[in-house]
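In: Any chance you could fold what I've pasted below:
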Amino acid sequence: MKNYLKNRFGLTDKGAEGAVVAIRYSTLKSLSYMLPMFLLMYVMQGLLALGNFNLKISILVYVIIALLMIFVINRDYITTYNETYKESANLRIEISEIIKDLPLSFYSRKDLTDLSQTIMKDVETIEHALSHAVPGFYGFIINLIIVSILLLIGNLKLGLAVIIPIYLSAVMNLLSSKIQKNATNSYYKEQRKSSKMFQELIDLSTEIKSYNLTSEKEKDGIDFVKSLEKKHIKSEVGQVVPIVSATVIANLSLALAIYVGLESLMSGEINILYFAGYLFASARLIDGVAAFNQFYGELMYIDAPVEKIKALRNEKIQKGNRENLKSFDVSCNEVSFSYLDDKKVIDNVSFKAMQGKTTALVGPSGCGKSTLIKLVARLYDYDSGKILIDDKEIKNIHTEDLFKHISMVFQDVILFNGSVMENIRLGRSSASDEEVLEAAKLANCDNFVNKLPNGYQTEIGENGSNLSGGERQRISIARAFLKNADIILLDEIAASLDVENEKYIQESINKLTKNKTVIIISHRMKSIENVDQIIVMDDGKIEDFGKHEELLKTSKTYKKMIESSKKSEEFIY
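Out: Now for the predicted structure:
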């Protein structure tokens, strides 16, 4: 049962165990609701003089039943909701652990809005089903089997009259599962599209206003919402029709029980007490079927969210052995990589970046420079070849042991919606305030931070929306200073900096990179002329490598880039 629930609803081990307990108490709750009926039959037996009756025994039984029902209903509530909320937390923690170990390539393939919806909305949907449908659904099935056996033992003909419509109702619901799944899955996909569309409208609000597209995009949004509403209604109809039909069939149980029961009563096969008991059982089962049909409808609705979570679990995560790295030369041996299967972005690249030296990657836009340093940082896993650090292939190194030795500063800076201090401290969470401030000074952050309302405690907005591009870049560089890692990867770090700040930060970087392995990408050719090694890339391959003077003679691509850089510097608007 535990493994079935785990696979069927995408639960964790603890969640499946909790669901089993919740189903157990849901079954006991359903059975306990039958106990008052037996007490009532005993009282009726006395009133109709059909058997022995003892008032004291009746009162005692009443108290026992009441206490038992209170206990069972209370335990059912506690186990159902407590286990549900625990599993909701467990699922989100598990998803977070999976996401933590996924390569960056996962995010380039997946829609991030869709991923956030899986973490929040899909888990919430499963949470609701666990608390409102799963225990009741399986509890009713077990309860129905037990009650059916008791009814058939009591009177075969009357028992069949009660349970046949109930089972037909359940079978009809099961047969309509494909219709219900198609209806709910279609609407689920449209909901995902709506989340993506509105996220896009919010993200691009500046562009929409600046290009006078407000009316057009507003109309697109309204049209989509109207379309979504129609599909929602269609989805609801796709579920309502089978559920209502199944419920109508279940209601025939009472009519059939009355017909067969009266016939048996008239022929003397049963007494009035038996007749009343089977009618009570039929009414109780009909109520149960109505709830069962609704539970089943909700279980059909959660199929798509469950599949999303299962797909996340099946994603290939980055694994590796725990290693204590001691030397930090980076060797790339015949490395190839492609985002898509049909085109290599990195094609058979080999080079060595020495510790204590600076290696520059240059080449035209789109030649694979940024991708290559992402492979070195193991943000992506290469398709073939090897990248070695301390003579160990990085695919075999646990990411935690690898990442602590690497600092990365990319052209696209990502900041959190927190204070300047908190964002810099991400470089090393254990750093003191004094160390954070020292790193900030090295990155020339003081100039703008001291002008902010609350200095380093100022909230910078989502992704640093309250800062300029250059200010955001300097915070990112401050993180790298604070981490002080052994391997430093810099990708166009001066792209958002003015000349004055670039010069200041370049001096700071010269201190930071002492005895480090440094790989840098820059389109400002002047800044890389004096590095230890320049690697010229073109179309994912290494065209040439060497020092500045050598490459001017041997590399056409490098010579062309130097000439273009000079023309750019001399250009006057």
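In: Quick check: Tyr532 vs Met354, distance?
Out: Heads up, residue 532 is Asp, not Tyr. Separation of Asp532 from Met354 (CB to CB, to the nearest Å) stands at 7 Å. The C-beta positions use only the backbone N, C-alpha and C, and glycine is treated the same way.
In: Could you do Glu323 as well?
Out: Distance from Glu323 to Met354, by CB to CB: 20 Å.
In: cool, and Lys326?
Out: Counting by CB to CB - Lys326 and Met354 are separated by 15 Å.
In: more neighbours, the two?
Out: Ranked by neighbour count (other CB atoms under 10 Å), Lys326 and Met354 place Met354 first, with 15 against 7.
In: If we ignore the residues flanking it in sequence, what's nearest the more buried one?
Out: Spatial nearest neighbour of Met354, excluding adjacent residues (CB to CB, 6 or more residues apart in numbering): Asp329 at 5.5 Å.
In: Verify the contact between the one you found and Lys352 for me.
Out: Yes: with contact defined as CB atoms under 8 Å, Asp329 reaches Lys352; the gap is 6.4 Å.
In: Please tell me how far the nearest residue to Gly221 once chain neighbours are set aside sits from Asp111.
Out: In this structure, Gly221 finds its nearest non-sequential neighbour in Leu201, 6.6 Å apart by CB to CB, 6+ apart. Distance of Leu201 to Asp111, computed by CB to CB: 15 Å.
In: Tell me, how many residues neighbour the residue nearest to Gly221?
Out: Counted with other CB under 10 Å, Leu201 comes out at 14.
In: For it, give me its contacts.
Out: Ile208, Lys217, Gly221 (CB atoms under 8 Å, 6 or more residues apart in numbering).
In: downstream neighbour of the host helix or strand of the last one in the secondary structure list?
Out: Mapping Gly221 onto the secondary structure by DSSP states H and E places it in helix 214-266. Downstream of helix 214-266, the first helix or strand assigned by DSSP H and E is helix 272-301.
In: For Asn7, grab phi and psi.
Out: Asn7 adopts backbone torsions of phi -70, psi -40, taken as degrees, to the nearest 10.
In: again with Tyr339
Out: phi -70, psi -40.
In: Then Asn271?
Out: Torsion angles, degrees, to the nearest 10, at Asn271: phi -100, psi 180.
In: what about it, distance to Glu97?
Out: From Asn271 to Glu97 the distance is 63 Å (CB to CB).
In: Compare the two (neighbour count), which wins?
Out: Applying other CB under 10 Å to Asn271 and Glu97 shows that Asn271 carries more neighbours, namely 15 against 10.
In: Leu156 versus that one, what's the distance?
Out: 17 Å.
In: Shouldn't Lys451 be within a helix?
Out: No: Lys451: not assigned to a helix; according to DSSP: H, G, I helix; E, B strand; the rest coil it is coil.
In: Pull the contacting residues for it.
Out: So Lys451 contacts nothing (CB under 8 Å, 6+ apart).
In: If I look at it, what pLDDT would I see?
Out: pLDDT for Lys451: 88.
In: okay but Ala377 is in contact with Leu489, surely?
Out: Yes: the pair formed by Ala377 and Leu489 meets the contact definition of CB under 8 Å, at 5.8 Å.
In: wait, isn't Ser527 in contact with Gln506?
Out: Yes: between Ser527 and Gln506 there is a contact under CB under 8 Å: 6.8 Å.
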